[in-house]
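Engineer: Below: sequence and its predicted model.
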Protein chains: 4
Amino acid sequence: MNVQFTDKIDNIFKSTLHLIKDNGFHGTPMSQIAKHADVAIGTIYHYFPSKDELILALFEYCRKELYAHIFQHVNQEMDYKEQFYSVFKSFCTFHIHQREYSCFFEQFYNSPYNEIIRQKEFLEGPYGQNTFMKFILRGIQENHFKPLDEKIICSAYIGAAISYAKTVVYGKIDFSEKELTDLIDIIWTGIKNND
Amino acid sequence: MNVQFTDKIDNIFKSTLHLIKDNGFHGTPMSQIAKHADVAIGTIYHYFPSKDELILALFEYCRKELYAHIFQHVNQEMDYKEQFYSVFKSFCTFHIHQREYSCFFEQFYNSPYNEIIRQKEFLEGPYGQNTFMKFILRGIQENHFKPLDEKIICSAYIGAAISYAKTVVYGKIDFSEKELTDLIDIIWTGIKNND
Amino acid sequence: MNVQFTDKIDNIFKSTLHLIKDNGFHGTPMSQIAKHADVAIGTIYHYFPSKDELILALFEYCRKELYAHIFQHVNQEMDYKEQFYSVFKSFCTFHIHQREYSCFFEQFYNSPYNEIIRQKEFLEGPYGQNTFMKFILRGIQENHFKPLDEKIICSAYIGAAISYAKTVVYGKIDFSEKELTDLIDIIWTGIKNND
Amino acid sequence: MNVQFTDKIDNIFKSTLHLIKDNGFHGTPMSQIAKHADVAIGTIYHYFPSKDELILALFEYCRKELYAHIFQHVNQEMDYKEQFYSVFKSFCTFHIHQREYSCFFEQFYNSPYNEIIRQKEFLEGPYGQNTFMKFILRGIQENHFKPLDEKIICSAYIGAAISYAKTVVYGKIDFSEKELTDLIDIIWTGIKNND
DNA sequence: AATGAATGAGGTTTCATTCAT
DNA sequence: CATGAATGAAACCTCATTCAT
């Protein structure tokens, strides 16, 4: 389906995100989405052939929003390390403040849907749409890191960011610019090329 | 009920883990669990008042298994850094090889169930049962780390480990002792006290 | 939902009454109602959120039918005593011939559901919808009775009517216009004002 | 089964009555009865072959209690009218104060179980165990009443009593010796022989 | 006599999906 | 395009009953 961004579709997406945040993936029936989005249930089926397809389309939508967000402060005048820090911080703040998106991501990645996306990406070749991975690869090419596999770098980087965001969201610690910097320092110190 | 580990309960737990791994949380009906565990559906309800309670009890069971696993190679003759590395590696291998457990954890933590556990732990006070957190606190007391909040250290440590395990499991990289060591090196380098 | 009397809802009501008469309240599963009313089980749940709500809505429906029936022969040209007798006879014949209604009423009043209705009426104030009670109150105002509490009059009137109807229905006696008149005579003689 | 009144059986009966009062007939599972009576569920099945048989046995037990109660103040020195009033009052107070019994009776009579009892009584001939009915028949033989069928008299008498008891129990009126006398006056006035 | 773990048929309810308007 | 009444497979759960101890 070629998603035209009508208001209705936008409402459906927003409502779905909102309800999934509160009630979880399978606690959100189509009927409830329809009611919350103020459209008829048939209307959802007019745009999306099934609930699965709705979820998948929503995932693509959310991923685009995420990428737009994490690179928003990056510009050509920053050196790589500055960009590396900026992206990390944006990544964290996105997951902390855009809870509807991050809840959706978390549930999505840990569900059978994820398998579908993985197979799709496998066909598209490595890192097709994945702007973030390309950013890491550039760091490798420009020799900013120790000789580490890009996926190891990602593990440390994304793992730490998500783990931190969860810690803040669950109220175990308050958000603090200083601690966020501590954390990205840990990663940068651990992977940066000391040559 | 005071959960005595009868064979039946054990079967129910094992079957639930197995089915959740393949079909996801809500793709695993009670009827299927009963069939796979070779008990009547009423038997499950004899021990657990609802599916939710089964999931919650299973979580406690899995957490105990995890803690038993990650400290299995730790002994008093190792220094703290060795223990730190041992626990990390055990944590990773657990999540890589005990897929039934790790799939369950991932789904659990990213679901409304998690909220229930969090509220329970909130009442029990900080780190009640959490052997791992106590291990990190010991590292702080023994001055092995930079002055960082224990939760920041955890974010980096656990985040990286889980992220690595996922990368291996999803076939993006093969498991390699060397890369695992690279990763824990990143964390250790990032947090260790250089005094 | 604002109950519009669609054919489907009417079918559901009629089928429920019919089945409850034969099989009792809890011997009438929703599946059977659906089959008998020739609708899908989901259709019932489309109109009524639960079996309990169906029962409650059915009660309101039946009560309206009852009131319509017992006043059907009453008109302005009859004096109060004639109306009193007419209502009593209609009340008896309704309970004798409309067995589906009276079986439902009996089960309803002697079940936990009754408590729900009672609390609802308590909020609505005295005799809100109760056309029959208003008829008795008129008799008091017009001085037809001894100085008795209206509820005592009701106890005698309704108690006798229902008890008679049961006696007929259970075959212990045949319906007879004469005996019915004997019975209402007992009540009228007992309560009428002899001034 | 020859019911020996062991403590256990008594507990089972009492618990069943208590639970039926609060939760209704079908809201009282055997498991709950067992728990409340502090016996094993198997023990109930040791004494009663099924839930139905338990209910039926309980009915016989309750009926005996009722008859014992309503004639408790009757003695040979009272004339018939006095006995008639005494039984009526006892009948009312039983239904008002022994709520567990009366709730059970009401549910029982308005359920498919009643049919079983009716067929049993049909075989035993008219009024086999029915001490109350025999009391009314005596009134007829002794010429205290107008020429009315005994069942009509019963309708008026029992109907009024139960209806009054319900009115009190449901809090619509407070119990009052005077109003109770008013009510039995209505009945007596209505049926007594004026010759 | 007494126990209670175990059973599974059958109940209530949910919800993705269809289709006539 | 948009609607929402209608569907029914399949989910969760209950509970009367059995039987080995």
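Structural biologist: That came through fine.
Engineer: Which residue ranges make up the domains of chain A?
Structural biologist: Following automatic domain parsing, one finds the domains of chain A at A:1-49, A:61-191.
Engineer: can you tell which of these is closest to chain D?
Structural biologist: With Cβ to the nearest Cβ as the criterion, chain D lies closest to domain A:1-49 of those, at 28.1 Å. (Each C-beta comes from the backbone N, C-alpha and C, glycine too.)
Engineer: any bit of stretch A:145-152 sitting next to chain B?
Structural biologist: Yes: against chain B, stretch A:145-152 shows contacts by Cβ under 8 Å from any Cβ of the partner chain at A:146, A:148-149, A:151-152.
Engineer: What is the most widely separated pair among those?
Structural biologist: Using Cβ to Cβ, the two most remote members of those are A:Lys146 and A:Lys151, lying 14.1 Å apart.
Engineer: and A:Asn114, what element?
Structural biologist: Assigned by DSSP states H and E, A:Asn114 belongs to helix A:112-124.
Engineer: Indicate the residue of chain A located nearest to DNA strand F.
Structural biologist: At 2.1 Å from DNA strand F, A:Gly42 is the closest residue in chain A, using Cβ to the nearest atom of the strand.
Engineer: Would you indicate which residues of the helix or strand of chain A at the bottom of the mean pLDDT ranking are buried?
Structural biologist: Counting by mean pLDDT, DSSP states H and E, chain A has its least confident helix or strand at helix A:112-124, which shows a mean of 81. Residues of helix A:112-124 classed as buried under the neighbour-count rule (16 or more other Cβ atoms under 10 Å in any protein chain shown) are A:113-114.
Engineer: The helix or strand following that helix packs against which elements?
Structural biologist: The C-terminal neighbour of helix A:112-124 among helices and strands, as given by DSSP H and E, is helix A:131-141. Judged by 3 or more Cβ pairs under 8 Å, 6 or more residues apart in numbering or on different chains; DSSP states H and E, the packing partners of helix A:131-141 are helix A:51-70, helix A:80-97, helix A:150-169.
Engineer: Tell me which of the ones you listed sits most buried.
Structural biologist: Counting by mean count of other Cβ atoms under 10 Å in any protein chain shown, helix A:150-169 has the highest mean neighbour count of the helices and strands packed on helix A:131-141, with a mean of 23.
Engineer: That one packs against which elements?
Structural biologist: If you count contacts as 3+ Cβ pairs under 8 Å, 6+ apart, helix A:150-169 packs onto helix A:80-97, helix A:99-109, helix A:131-141, helix A:177-191, helix B:150-169, helix B:177-191.
Engineer: 7 Å instead?
Structural biologist: Counting contacts by 3 or more Cβ pairs under 7 Å, 6 or more residues apart in numbering or on different chains; DSSP states H and E, helix A:150-169 is packed against helix A:80-97, helix A:131-141, helix A:177-191, helix B:150-169, helix B:177-191.
Engineer: mind checking how far A:Asn143 is from C:Asp174?
Structural biologist: To C:Asp174, A:Asn143 is 108 Å away according to Cβ to Cβ, to the nearest Å.
Engineer: Equivalent analysis for A:Lys14, please.
Structural biologist: Distance from A:Lys14 to C:Asp174, counting by Cβ to Cβ: 70 Å.
Engineer: These two - which one has more neighbours?
Structural biologist: Neighbours per residue (other Cβ atoms under 10 Å in any protein chain shown) separate A:Lys14 from C:Asp174, with A:Lys14 holding more: 14 against 7.
Engineer: ok, back up a step: count of neighbours near the residue of chain A closest to DNA strand F?
Structural biologist: Applying other Cβ under 10 Å, we find 8 residues neighbouring A:Gly42.
Engineer: Could you do A:Phe25 as well?
Structural biologist: Taking other Cβ under 10 Å as the criterion, the count of residues near A:Phe25 is 23.
Engineer: Run through who's touching the least confident helix or strand of chain A.
Structural biologist: Residues from elsewhere that reach helix A:112-124 (Cβ atoms under 7 Å, 6 or more residues apart in numbering or on different chains): A:55-56, A:59, A:108, A:128, B:24, B:27, B:170.
Engineer: go with 8 Å
Structural biologist: Around helix A:112-124, the neighbours that count as contacts under Cβ atoms under 8 Å, 6 or more residues apart in numbering or on different chains are A:52, A:55-56, A:59, A:108, A:128-130, B:23-24, B:27, B:170.
Engineer: Give me every residue in chain A lying close to DNA strand E.
Structural biologist: Applying Cβ under 7 Å from any atom of the strand, one finds that chain A approaches DNA strand E through A:26-31, A:41-42, A:45, A:50-52.
Engineer: Kindly recompute the last result at 6 Å.
Structural biologist: Applying Cβ under 6 Å from any atom of the strand, we find that chain A lies next to DNA strand E at A:29-31, A:41-42, A:45, A:50-51.
Engineer: sorry, back to before: spit out the contact partners of the residue of chain A closest to DNA strand F.
Structural biologist: No residues are in contact with A:Gly42 under the rule Cβ under 8 Å, 6+ apart.
Engineer: From A:Ser50, how far off is it?
Structural biologist: Separation of A:Gly42 from A:Ser50 (Cβ to Cβ) stands at 13 Å.
Engineer: what sits against A:Arg99?
Structural biologist: By Cβ under 8 Å, 6+ apart, the contact set of A:Arg99 is A:21, A:169.
Engineer: Now do the contacts for the residue at the greatest distance from the centre of chain A.
Structural biologist: Distance to the chain centre peaks in chain A at A:Asp195, reaching 32.9 Å (criterion: Cα atoms, centre = their mean). Residues near A:Asp195 by Cβ under 8 Å, 6+ apart: A:Asn143.
Engineer: can you rerun that using 7 Å?
Structural biologist: Contacts for A:Asp195 (Cβ under 7 Å, 6+ apart) come out as none.
Engineer: Output the residues of stretch A:145-152 next to chain B as CSV; include the columns distance to C:Thr189.
Structural biologist: Compiled in CSV, the residues of stretch A:145-152 next to chain B are given as follows (distance: Cβ to Cβ, whole Å):
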residue, distance to C:Thr189
A:Lys146, 109
A:Leu148, 105
A:Asp149, 103
A:Lys151, 99
A:Ile152, 101
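Engineer: Output the residues you listed in a markdown table; the columns should cover distance to D:Lys8 and pLDDT.
Structural biologist: Compiled in a markdown table, these are given as follows (distance: Cβ to Cβ, whole Å; pLDDT from 0 to 100):
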| residue | distance to D:Lys8 | pLDDT |
| --- | --- | --- |
| A:Lys146 | 78 | 85 |
| A:Leu148 | 75 | 80 |
| A:Asp149 | 73 | 82 |
| A:Lys151 | 69 | 79 |
| A:Ile152 | 70 | 79 |
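Engineer: how about the residues of chain A near chain C?
Structural biologist: Within chain A, no position is adjacent to chain C by Cβ under 7 Å from any Cβ of the partner chain.
Engineer: contact partners of the helix or strand encompassing A:Ala34?
Structural biologist: According to DSSP H and E, A:Ala34 maps onto helix A:30-37. Residues from elsewhere that reach helix A:30-37, judged by Cβ under 7 Å, 6+ apart: A:11-12, A:15-16, A:18-19, A:40-41, A:44, A:51.
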